[in-house]
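**Student:** this one's structure only:
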């Protein structure tokens, strides 16, 4: 699957807009990890997360079926038939982040949203075709990316925020269990 720079920049543009401004069908299939600090995973850490998530070795070579690499400004992961892109940003999510956070229905959501200072978006490249599968793949990887720096995960297309208060990991595992990711060690062929 080829990711064009035009598509990547469009994803970047949409990611930087306010969370409530977009119609959900126009948003990327994405999970945004909201972070306390601007501390982002390195390529090696992303490779390790991919290996833990999908159970196959990952390479730095972009020709591999399972790899993490940088191309121009973008960090990409190929996990068999899936291509994911990463965007790290060292400011709160959206241009009216504080206002959007105050509209959250639960106090735990409002508290977690207010704590974030940076974010990492994990987008499913050319997504929107099989949402259940695409979200299962994203959730599988995000499960392995979670640490104490993450205050929660925002799913823009669904306009859903899950704070990292004990409910995030079980929810990501539930999403993962809905579909098998189809990643295997034999050149990424779908099982």
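**Tutor:** Great, that's in hand. All values reported here derive from a predicted model rather than from experimental measurement.

**Student:** Run through the strands of this protein in chain order.
**Tutor:** Assigned by DSSP state E, the chain shows strands spanning 30-35, 66-71, 74-79, 82-89, 118-124, 150-155, 160-163.

**Student:** Closest to the centroid, which residue in this structure?
**Tutor:** Against the mean C-alpha coordinate of the chain, by CA atoms, centre = their mean, the closest residue is residue 122 at 2.3 Å.

**Student:** In the longest helix anywhere in the chain, which residues are buried?
**Tutor:** Taking DSSP state H as the criterion, the chain has its longest helix at helix 131-145. Buried residues in helix 131-145, counted by 16 or more other CB atoms under 10 Å: 133-145. For glycine as for every other residue, the C-beta is placed from the backbone atoms N, C-alpha and C.

**Student:** Please list the outside residues in contact with that helix.
**Tutor:** By CB atoms under 8 Å, 6 or more residues apart in numbering, the residues outside helix 131-145 that reach it are 29-31, 33, 41, 46, 48-50, 52-54, 77, 79, 82, 84, 120, 122, 124, 127-128, 153, 155, 157, 169, 172-173, 175-182.

**Student:** What pLDDT is listed against residue 25?
**Tutor:** Looking at residue 25, its pLDDT reads 62.

**Student:** now residue 180
**Tutor:** The model reports residue 180 with a pLDDT of 88.

**Student:** what's the neighbour count on it?
**Tutor:** 13 (other CB atoms under 10 Å).

**Student:** quick one: it and residue 142, what's the gap?
**Tutor:** 17 Å (CB to CB, to the nearest Å).

**Student:** Residue 58 contacts residue 65, correct?
**Tutor:** No: here residue 58 lies out of contact with residue 65, judged by CB atoms under 8 Å, at a distance of 9.5 Å.

**Student:** quick one: least confident helix or strand in the protein?
**Tutor:** Lowest mean confidence among the helices and strands of the chain (mean pLDDT, DSSP states H and E): helix 5-16, at a mean of 51.

**Student:** related to what we said a few turns ago, and the contacts of helix 131-145, which of them are buried?
**Tutor:** 29-31, 33, 41, 46, 48-50, 53-54, 77, 79, 82, 84, 120, 122, 124, 127, 153, 155, 157, 172, 175-176, 179, 181-182.

**Student:** still on that earlier bit, from the buried residues of helix 131-145, pick the one nearest residue 102.
**Tutor:** Comparing these against residue 102 with CB to CB places residue 142 closest, at 25.0 Å.

**Student:** now that closest one: how far from residue 29?
**Tutor:** Counting by CB to CB, the gap from residue 142 to residue 29 is 13 Å.

**Student:** Show me the common contact partners of those two, please.
**Tutor:** Here residue 142 and residue 29 share no contacting residue, scored by CB under 8 Å, 6+ apart.

**Student:** Perfect, I'm done here.
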